[in-house]
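Engineer: I'd like to go over a predicted model; first the sequence, then the structure.
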Amino acid sequence: MISLETNFAGLRLKNPLIAASSGLTNSLKKIKEIEEAGVGAIVLKSLFEEQIENHSQKLSFTSDYPEAADYINAYIEMNHMDKYLNLISSAKAECKVPIIASINCYKASRWVDFAKTIQDAGADGIELNLYVLDSREYGDTFLENTYVNILKEIKKVIHIPVVIKMAKNISNLPGLVGKLKSLGGNGVVLFNRFYQLDIDIKTMEIVPGEVFSKPSDFSDTLRWTAITSGRVHNFDIACSTGVHSWEDVVKGILAGAGAVQLCSVLYEQGTGIVPSMLTCIEEWMDQNNYERIEEFKGKLNYANIDNPSLYERVQFMKYFSNYK
């Protein structure tokens, strides 16, 4: 009998499809709709420290008194936190699938404060939504150290699973993931999707770019999932960015992922795509004589193919020289 059950970050999921953190997971009504569609876990919309502070600053400008500004800031933060904690507790009470909270901060102390509060609210796990762009002129290990230092501090006080959502712009991704594993991280998500921008040549302004990922974005996700899972053994990976079909889910698992996060495809096709994807995955497993996810997980990763350099080749000319 075919089973889609899988393990990710210490959590047992009924299937590998995880609803990623987004506007689709910011209310109990939406969360229930996604759960009913059949996903294996849900990541709540991220709690952003920067968003809270921006809100505080806007309202603080209306007061000439520092004491009033401090009161406003404290009230706003508490209000944001209370709403988020209520969402966690409500989702836990109403849903059977694991509920993973998501936080985005830029001060180390706030990561720890938010994580402790979220753990106390009953979340099954925490996703560190690390959204850091190092644009300095001379590169160093700033970005890598940020990941390491934040995880170190959080693991001192957190006992529930901690998942790190990674950026693409890491100089040595397998090396960093190995460090995160050694520090007690429970898994990583490849990859975080940065805000996309564009330039309007008529108004000469910076404007928002593409909101959703494209199927072509999955190539990088697939490559690095395969390389990382092949080099960092016994560590959970979830694919994200560019996942638009059930075939992508199968490919991600073959590359070594234990789960796959869905976001853009849920916006574009609706939650009805979930049962369809699950049915197709089961049919593919049946056709290929697999009964469990573990039987083909990582079968084509960096460590398990005869020519691992296939994942390292980056030159177009070797493969597309016949195209004119």
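Structural biologist: Great, that's in hand. Numbering: from 1, shown residues only.
Engineer: from what I can see Leu87 touches Leu47, true?
Structural biologist: No - using Cβ atoms under 8 Å as the test, Leu87 is too far from Leu47 to be in contact (9.4 Å). C-beta coordinates here come from the backbone N, C-alpha and C atoms, glycine included.
Engineer: need the strands for this protein, in chain order.
Structural biologist: 6-8, 11-13, 17-19, 41-43, 47-48, 99-104, 125-129, 162-166, 187-190, 197-200, 205-208, 236-239, 259-262 (DSSP state E).
Engineer: Would you mind extracting the C-alpha trace of the longest one into PDB?
Structural biologist: Coordinates of the C-alpha atoms in strand 99-104 are reproduced here as PDB (Å, rounded to 0.1, in the frame of the first residue of the first chain):
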ATOM      1  CA  ILE A  99       1.800  24.300  12.500                       C
ATOM      2  CA  ILE A 100       5.200  25.900  12.000                       C
ATOM      3  CA  ALA A 101       5.600  29.600  13.000                       C
ATOM      4  CA  SER A 102       7.800  31.900  11.000                       C
ATOM      5  CA  ILE A 103       9.800  34.900  12.200                       C
ATOM      6  CA  ASN A 104      11.900  37.500  10.500                       C
END
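Engineer: Listing partners with orientation, what would you give for that strand?
Structural biologist: Strand 99-104 sits in its sheet next to strand 41-43 (parallel), strand 47-48 (parallel), strand 125-129 (parallel), going by DSSP bridges.
Engineer: comparing the ones you listed, which gets the lowest mean pLDDT score?
Structural biologist: Between these, the one with the least mean pLDDT is strand 47-48; it has a mean of 70.
Engineer: how about low-confidence regions in the stretch 101-250 of the chain?
Structural biologist: Applying pLDDT under 70 to the stretch 101-250 of the chain flags the ranges 105-109, 131-140, 194-195.
Engineer: which residues of it fall in helices?
Structural biologist: Remark: helices assigned in the stretch 101-250 of the chain by DSSP state H, counting those that start in this stretch are 108-120, 142-155, 173-182, 218-231, 246-255.
Engineer: Let me know whether Met166 touches Asn172 as I believe.
Structural biologist: No - contact status for Met166 versus Asn172: not in contact, 11.9 Å apart, counting by Cβ under 8 Å.
Engineer: who has more neighbours, those two?
Structural biologist: Neighbour comparison, Met166 and Asn172: the larger count goes to Met166, with 23 against 11 (by other Cβ atoms under 10 Å).
Engineer: Identify the bridge partners of that one.
Structural biologist: Note on Met166: beta-bridge partners by DSSP bridges are Leu190.
Engineer: State the distance from it to Leu130.
Structural biologist: According to Cβ to Cβ, to the nearest Å, Met166 stands 7 Å off from Leu130.
Engineer: what residues do the two have in common as contacts?
Structural biologist: Common contacts of Met166 and Leu130 (Cβ atoms under 8 Å, 6 or more residues apart in numbering): 147, 192.
Engineer: Right, I'll call it a day here.
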